[in-house]
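> generate a structure from the sequence data that follows.
(2 chains)
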Amino acid sequence: MKKPPVFWKACIAGIVLLCILSFTPLVIPSDVADPEFLGMPRTLWAGFLVYIGIVVLTFIGTMVHPQAGQVQGETE
Amino acid sequence: MSGWFWVMIGVYLAMLAAVGLNSWRKTKSAEEYIMGGSKIGVFVGMLTFAATLFSTFTLMGMPDFFRTHGVGAWIYLAISDAAMFFLVIWFGLHLRRVATEHDFQGMAGLLSQRYRTRFAGVVYLAGIFLFLVPYVAIQIRGIAIFLSAVFPETLPAWAWSLGIVCVMLMYSEIGGLRAIIHCDVIQGTILLIVLWIIAVGCIRFFGGVGAMFEQVKQMDPALLSTPGPKGLFTPQFLIASFFAILFLPVTQPQITTRLVIIKCDKTLFRMATGLGIFTFLVLVPTIAIGLYGAVKYAGLPTGEFLENVLLHDQHDVIAAIVVVGLLAAATSTADSQLFALGSEVRSFLLLKGKSPLFVTRLAIFAFGMAALIFSIVSGNQLVLIARVSFAGTSMMAPMILAGILSKHKPGPEVVAATLLGLILFLYSQLPAVTFLPSLPKAVGPVRFDLALLLALGLCTALSTAYRSLSPRHPS
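Prediction:
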């Protein structure tokens, strides 16, 4: 049975949002390294968070994909 | 180090030979030779995808990028890679469905079928030849120059290039895609181990991660933010690079083939998540290696920095493993790309009927020779040539996406626009010639390559929308 696509679409929206955020001053402010976290400059720790966020959403995406319950056996 | 090097290289070559011969024994048909048996599981799939993706670009280029341009290098590569793994799920499922319907033998053949014109296959073949051969060549050149600098008395750079191409061609020609995939597993594992061994040594040098960033701040605070000391990582550069890298699974045949031959869709899902974790583990150590270079070897040219950090600062045994790791990184990408180029020629020729396997083997050999010649005459800008290669192939992404995703037959105007886009992109990368007009660096506020990709995307979207709405264009 196909899963409703709403959660899958939410994952896509989340990933698009995270990607857009990566190119805003929130993650890459020009010539700003503060605030630091565990000694890491802002662009790096914020970049780590974005990366982890995308991977987690990818994982959730594999669970909620409309075909997730159907994908078994050989190529469909 | 020399003695240890020859021992390690002997072990490495023996492993490749064993894999090549084993694959040759198991390969019973031309189909298996080209598609590797099409039963790739999660672990092997993840490592072959990663090893194909991560080349000397990762082991040599990324540390140098962190050293020269600072922490913005993380946004440049890691964010694009993470988004790419999500694209693997979305695009991979569509591709696998279409591949099953059309008996996939390669993207050139598939596009020709979807567009119902061989023109689509020709444009695709031209695009991958123009942009993949230089990329293969720069992999070979990077490692050959490095080896000739490390062993100045042994062989010149061109001889190392020749040796590397011969080894790659040997196991690729003998064992086919199965051999390449299983060599990728060895090469990907070596790459990960080598990166962490070096990175741990670099962090120890500083006395911890916090101390590392503190010393980098004292050396050059611009390394800890964007756009970096040389102003490279502007938002536009990062966005243009993002799309160039994001579309690799769509545009690069060695990756699309791997998406098709994965055992099942569930395996594809697991592989995508696994790749996210594996890539994080591969890229994090390149930060430490690069920042170590920023503090210790700030003023040195790239080659000397790499020689010092990868070899002279390491124990002899580790240095020997590192050299093998470099070889593994270069060959794992280059062999897959050469093989994919040969397979694509075959998939295109199959449209006309039979395509004997020896034609594929001959094509792989010819592409190998072209890459060898280019590696001897090309420049040294590893990361930037790689980026041009990625950006060049990304121009074909709208055409391929329309070919795979559209429910209606996509129009030949999309193929014509793509050809024009490739020509314009190539022209923009050529050195200025006085009697020819030069192209603008930007269209309004937007970089030229990004504007070109956006224009191609728009043309393709309009064409697809028109054909899906018009009753004159049935599916």
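> what residues of the helix or strand hosting residue B:466 count as buried?
Applying DSSP states H and E as the criterion places residue B:466 in helix B:448-469. Of the residues in helix B:448-469, B:448-453, B:455-456, B:459-460, B:463-464, B:467 count as buried by neighbour count, 16 or more other CB atoms under 10 Å in any protein chain shown. Using the backbone N, CA and C atoms, a C-beta is placed for each residue, glycine as well.
> contacting residues around the closest residue to residue B:367 other than its chain neighbours?
Counting by CB to CB, 6 or more residues apart in numbering or on different chains, residue B:367 lies nearest to residue B:341, which is 4.4 Å off, once chain neighbours are set aside. Residue B:341 sits next to B:128, B:129, B:132, B:133, B:253, B:363, B:364, B:367 when contact means CB atoms under 8 Å, 6 or more residues apart in numbering or on different chains.
> leaving out sequence neighbours, find the closest residue to residue B:160.
Of all residues not flanking residue B:160 in the chain, residue B:144 sits nearest, at 3.8 Å (CB to CB, 6+ apart).
> then residue B:42?
Using CB to CB, 6+ apart, the nearest residue to residue B:42 is residue B:270, at 4.6 Å.
> which strands or helices does the strand or helix carrying the one you found pack on?
Here residue B:270 sits within helix B:265-296, counting by DSSP H and E. For helix B:265-296, the helices and strands in contact under the criterion 3 or more CB pairs under 8 Å, 6 or more residues apart in numbering or on different chains; DSSP states H and E are helix A:42-64, helix B:42-53, helix B:62-69, helix B:72-74, helix B:80-101, helix B:157-206, helix B:209-219.
> how far away is the nearest residue to residue B:395 once chain neighbours are set aside from chain A?
Excluding its sequence neighbours, the residue lying closest to residue B:395 (CB to CB, 6+ apart) is residue B:421, at 4.5 Å. Note on residue B:421: its distance to chain A, by CB to the nearest CB, to the nearest Å, is 23 Å.
> residue B:441 now?
Distance, residue B:441 to chain A, by CB to the nearest CB: 20 Å.
> just want the most central residue of chain B.
The centroid of chain B falls nearest to residue B:53 when counting by CA atoms, centre = their mean (4.7 Å).
> pull the contacting residues for that one.
Residue B:53 makes contacts with B:81, B:248, B:255, B:279, B:333, as judged by CB under 8 Å, 6+ apart.
> using the three-state scheme, assign the third one.
In three-state terms, and counting by DSSP: H, G, I helix; E, B strand; the rest coil, residue B:255 is helix.
> state the distance from it to chain A.
17 Å.
> just residue B:41 next, same as before
Going from residue B:41 to chain A by CB to the nearest CB gives 13 Å.
> just the pLDDT for that residue.
pLDDT recorded at residue B:41 is 86.
> how many neighbours does it have?
Residue B:41 sits with 13 neighbouring residues when counted by other CB atoms under 10 Å in any protein chain shown.
> sticking with residue A:34, tell me its helix or strand.
Residue A:34 belongs to no helix or strand when assigned by DSSP H and E.
> tell me how many other residues crowd residue B:445.
Applying other CB under 10 Å, we find 7 residues neighbouring residue B:445.
> got phi/psi on it?
When read as degrees, to the nearest 10, the backbone of residue B:445 gives phi -90, psi 0.
> now it: how far from residue B:189?
As judged by CB to CB, to the nearest Å, residue B:445 and residue B:189 stand 45 Å apart.
> go on, residue B:416?
Distance, residue B:416 to residue B:189, using CB to CB: 45 Å.
> just give the nearest non-adjacent residue to residue 59, would you?
Reading this off chain A. That would be residue B:273: by CB to CB, 6+ apart, it lies 4.6 Å from residue A:59.
> chain B was what I was after
In space, residue B:59 comes closest to residue B:329 once its chain neighbours are excluded; the distance is 4.7 Å by CB to CB, 6+ apart.
> read off the pLDDT value for the one you found.
Confidence at residue B:329, expressed as pLDDT, is 78.
> kindly report the same for residue A:69.
62.
> quick one: the helices in the stretch 351-475 of chain B?
B:357-377, B:382-394, B:397-405, B:412-429, B:448-469 (DSSP state H, counting those that start in this stretch).
> gap between residue B:417 and chain A?
Using CB to the nearest CB, one obtains 25 Å as the distance from residue B:417 to chain A.
> who's in contact with that residue?
B:399, B:456, B:459, B:460, B:463.
> nearest to residue A:66, of those residues?
The closest of those to residue A:66 turns out to be residue B:460 (CB to CB; 25.0 Å).
> give me the neighbour count for residue B:106.
Residue B:106 has 29 neighbours, counted by other CB under 10 Å.
> how far away is it from chain A?
In terms of CB to the nearest CB, residue B:106 sits 16 Å off from chain A.
> which residue packs closest to that residue, ignoring adjacent ones?
Nearest one to residue B:106, counting by CB to CB, 6+ apart, is residue B:347 at 2.6 Å.
> can you tell me what sits against stretch B:146-163?
With contact meaning CB under 8 Å, 6+ apart, stretch B:146-163 is reached by B:2, B:5, B:60, B:140-141, B:143-145, B:303, B:306-307, B:311, B:323, B:326, B:372, B:375-376.
> mind running it again at 10 Å?
Outside stretch B:146-163, the residues that touch it by CB atoms under 10 Å, 6 or more residues apart in numbering or on different chains are B:1-2, B:5-6, B:56, B:60, B:137, B:140-141, B:143-145, B:164, B:303-304, B:306-307, B:310-312, B:319, B:323, B:326-327, B:330, B:371-377.
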